[in-house]
Every structure is written in structure tokens, then in C-alpha cells.
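Asker: Sequence and predicted structure below; questions after.
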Amino acid sequence: MAIYDEQTDDEKARWYSNGARFYVEGRPRYPTTLIAASAAAAEWRQDSRILEIGSGPGTATQDFAALGGRFTCVEPNADFAAIARDVLTPFPNITFQTSALEEADLAGPFDIVLAASSFHWIDQKRGVQRIEELLAPNGFVVLLWNKEPQPVAQQADAADEAFQRSGYPQPIERQSRDEIAHVFWGLAKPLQTVSFTEKLFCHVEVADDYSVERFVALHRSLSPFLALPPEKQTVVAKALTENLSALVGPTIRTTRISAAHIFQRSDRR
């Protein structure tokens, strides 16, 4: 996050452009159990008015849109917004604004504000104030998180060696489930005020098999990789593909922690 925070607003809007297609290829979707739990806690309805902050390429949007509702998706990156428009064509009740939340031209109130792995990118003062302004009385904020998939223990050391040989040390810190859950819970601290009541916090562990190509795409979508010079990104990606294939094999078994955190607006002030 420090890498991203140092960018100007224009640079932030373009930050994921070089990794947009890799984001789609490599990033996992959210577990159906979390989607269902979040929708139940937020009292999701067919006529719910939803504001999604940082909708990206529509990763979470498509699963929630299947439940109904009218969506306004705010996404500062034009490449992500273009992908999302294509992905979400089957859902007519979705509009887009290519903007940051703080500058978007929005007309509330919204019943639900959704942020899937994006809440930590907004300005923690101005952004939360904007959410309060736009959220209907007793409305909900739905936060979703995906920890980056990590190779299982039997493959972890070989994967680390593959990264080292590629001149790009493994950027993802290994943490226990409780440590990851604590980090996710802490990311919602700006909402833990008298203006909001916590309704649900839950997390699940998910196993997923990755091909080497998809695992490299995952890493090509992460900020440490995007911070590399473009010419080095190509070299490192090629080396990673070769070294992971040689040291780990064609299939990389991974686990990740996914979490949902739901708040309801409160009038206690």
C-alpha cells in the first residue's frame, strides 16, 4: 500500500492499467458463502440501491448483481471500467462512473455501499464522510476482502526459491488465519465509530489450484510487481514462469483467507 499511497491522484487512477488483464486472469472471486452471508446481513433486496466503490473489473459486482438491485459503480481506472462494462452486459441495472469516490457526482441515498478489496484505497476521512452522506438511514456498508493466494506448505519453499531465482523475492507475507483476520478487521477501523454498528464479521479459508500461468498473472496484478519498470516486468514474468514450472510443477495448490465485514448506519451521535 505504501507504494500506491506515494502516487499522485492521476497516477493512482492509472495504477492498475498495465495489470488489468492479469487482474482478471489471476485474482480469485469471492466465496459464494461470503456473498450469501453478506447479502443476508445487509438485507439485500431486488430493489436495493447499491453504490460500489472501486468496482474494478466487476469481480464482486457480477455475483451481487445476480441477486438483484440497481448499481452505481465508481471506478477510477478506465481500463477496469471498460472490462467491467463487458462483463456486466447481462445486467441492465448498472451504471458506471470513471472517478474516485471523493470526486464522483452521485445522487443518494443508497441502501448499500459495497467495497470489495477497495475500501483501504479511499481517503479514510473524506471517503467515509462521503459514505455517510450518501447512505440511507439504517443503510449498510459491505466490505469484502481476499488475501492473496499462497502455495500450500508442501510447495511454499520451492515457490520461494523460484521467486528468488527470478530476481523478485516473494512479496506476500505469510500469516496465520488469525493474523490475516485481524488485519482485515483493522482495515475497517474508520467505520468503527458511533455512526456505524458492526453487524457481521466472518472469514473462511479457501483452497484453489492454480496453473503456473495463472499464478504468475496473479502476481503481475499486485502493486509490488506493478512498481517494477515495464521492461523488468516482462523479464521477471518470463523467469517466474520458467522457475515455477521447474521447481513446483504445472499445478500450484494454494490457500487463502476471504472475509466479509458488514456495518449498519446508526443515528447515535
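Answerer: Done, it's in.
Asker: Can you list the neighbours in contact with the helix ranked longest in the chain?
Answerer: Ranked by residue count and defined by DSSP state H, the top helix of the chain is helix 230-247. Residues outside helix 230-247 that contact it (Cβ atoms under 8 Å, 6 or more residues apart in numbering) are 18, 158-159, 161-163, 165-168, 212-213, 215-216, 219-220, 225-226, 228, 252. Using the backbone N, CA and C atoms, a C-beta is placed for each residue, glycine as well.
Asker: got the buried residues for the following helix or strand past it?
Answerer: Next along the chain after helix 230-247, taking DSSP states H and E as the criterion, comes strand 251-265. For strand 251-265, the neighbour count (16 or more other Cβ atoms under 10 Å) marks 252-254, 256-265 as buried.
Asker: As TSV, those residues with distance to residue 149 would be great.
Answerer: Formatted as TSV, the buried residues of strand 251-265 follow (distance: Cβ to Cβ, whole Å):
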residue	distance to residue 149
252	8
253	9
254	4
256	4
257	10
258	10
259	14
260	18
261	20
262	24
263	27
264	31
265	33
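Asker: For the stretch 101-250 of the chain, which segments count as helices?
Answerer: For the stretch 101-250 of the chain, applying DSSP state H, counting those that start in this stretch gives helices covering 126-134, 153-165, 177-187, 212-220, 223-226, 230-247.
Asker: Pull out the buried positions in the third one.
Answerer: Buried residues in helix 177-187, counting neighbours by 16+ other Cβ under 10 Å, are found at 180, 181, 184, 185, 187.
Asker: go on, the fifth one?
Answerer: Using 16+ other Cβ under 10 Å as the burial criterion, the residues of helix 223-226 that qualify are 223, 225, 226.
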